[in-house]
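Chemist: dropping a prediction and its sequence here:
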Amino acid sequence: MAQVKVLNTWVSMFGMRVVIALEEKGVKYEYQEEVLSNKSDLLLQMNPVHKKIPVLIHNGQPICESLIIVQYIDEAWHSTQFLPTKPYDRALARFWADFTDKKFYDAGARILRSKDEAQEQGKRDLLECFQLLEGALKEMSEGGSLPFFNGKDFGFLDIAFIPFSCWFHAYETLGNFKIPFESEYPLLDAWVKRCMDRESVKKALPSPEKVLEYAIQMRKRFLGD
Ligand code: GS8
């Protein structure tokens with residue numbers, strides 16, 4: 001088996017984090033695309049607890065859960081550093097990354113998978129998440145004078161949140177609303193564009209149009225629309 005192998009599904013924001021992290025560190029890896037309706041034996045063997053992608057396999061040992069994988073990559077390869085050095089800054093980056101998983105992902109999923117009041121609530125919750133993240137970015141980037149959540153260098157929270165951006169178009173289209181980036185979240189708007197200039201991010205993120213096509217099919221499966 002290759003020294004580093006990734007089990008992933010192209011459309012997963014969680015899997016994209018792992019690809020970005022490996023690309024940023026310049027680690028060579030083998031990539032295995034999984035079909036979640038027909039998981040490989042390797043996936044079931046490497047992640048028997050959750051049976052989910054992404055999984056990183058390093059020298060035969062599996063590491064699961066995307067944020068844990070990104071931290072593992074940060075600790076195992078030292079070409080650049082994702083987490084800040086000061087304990088408080090590290091805690092803050094981890095706190096907001098956890099927020100993207102718990103609050104942001106959940107609000108987005110409700111927009112994609114539900115209708116009527118549940119979907120409306122999903123939209124309100126998503127906009128509240130954007131507001132909070134705009135505030136966090138302002139604070140962490142010293143009022144917008146530094147380019148990233150991590151300050152002057154692209155880091156842990158940037159890696160955790162940027163994959164969601166290729167789903168924004170699907171949220172807007174399936175939720176039939178517009179996310180007011182320019183008027184309400186100008187720092188996030190500029191941050192997304194800046195991240196999209198990075199080779200690692202370009203490589204990991206599919207186009208918003210392709211994600212939308214996938215999301216439309218997913219919604220049909222969920223709602224029978
Ligand atoms: C989430 C992974 C996940 O949901 C992480 O790695 O951060 N907390 C985890 N993986 C999904 C695909 S992306 O929506 C998955 O593998 N689902 C398969 C299943 O539930 O059977």
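Modeler: Cool, the structure landed.

Chemist: and the lengthiest helix in the chain, how far from the chain's centre?
Modeler: The longest helix of the chain (DSSP state H) is helix 116-140. Distance of helix 116-140 from the chain centroid (Cα atoms, centre = their mean, to the nearest Å) equals 16 Å.

Chemist: for it, packing partners?
Modeler: Applying 3 or more Cβ pairs under 8 Å, 6 or more residues apart in numbering; DSSP states H and E, one finds that helix 116-140 contacts helix 87-99, helix 105-113, helix 168-175, helix 181-184, helix 186-196. From N, CA and C alone the C-beta is placed, and that goes for glycine too.

Chemist: which stretch among those helices comes nearest Leu44?
Modeler: Nearest to Leu44, of all the helices and strands packed on helix 116-140, is helix 105-113, at 23.7 Å by Cβ to Cβ.

Chemist: what does the closest one rub up against?
Modeler: 13, 118-119, 121-123, 125-126, 128-129, 164, 167, 170-171, 174-175, 215, 218-219, 222-223 (Cβ atoms under 8 Å, 6 or more residues apart in numbering).

Chemist: of those residues, keep whichever come out buried.
Modeler: 13, 119, 122-123, 125-126, 129, 164, 167, 170-171, 174-175, 215, 218-219 (16 or more other Cβ atoms under 10 Å).

Chemist: quick check, nearest of those residues to the ligand?
Modeler: Nearest to the ligand, judged by Cβ to the nearest ligand atom, of the buried ones among the contacts of helix 105-113 is Met13 at 7.1 Å.

Chemist: wait, the closest one sits on Ala170?
Modeler: No - in this structure Met13 lies outside contact range of Ala170 using Cβ atoms under 8 Å: 11.2 Å.

Chemist: my guess is Leu133 meets Phe104, correct?
Modeler: Yes - Leu133 lies in contact with Phe104 (Cβ under 8 Å); the separation is 7.4 Å.

Chemist: list residues touching both of the two?
Modeler: Common neighbours of Leu133 and Phe104 (Cβ under 8 Å, 6+ apart) are Phe161.

Chemist: no more questions from me, cheers.
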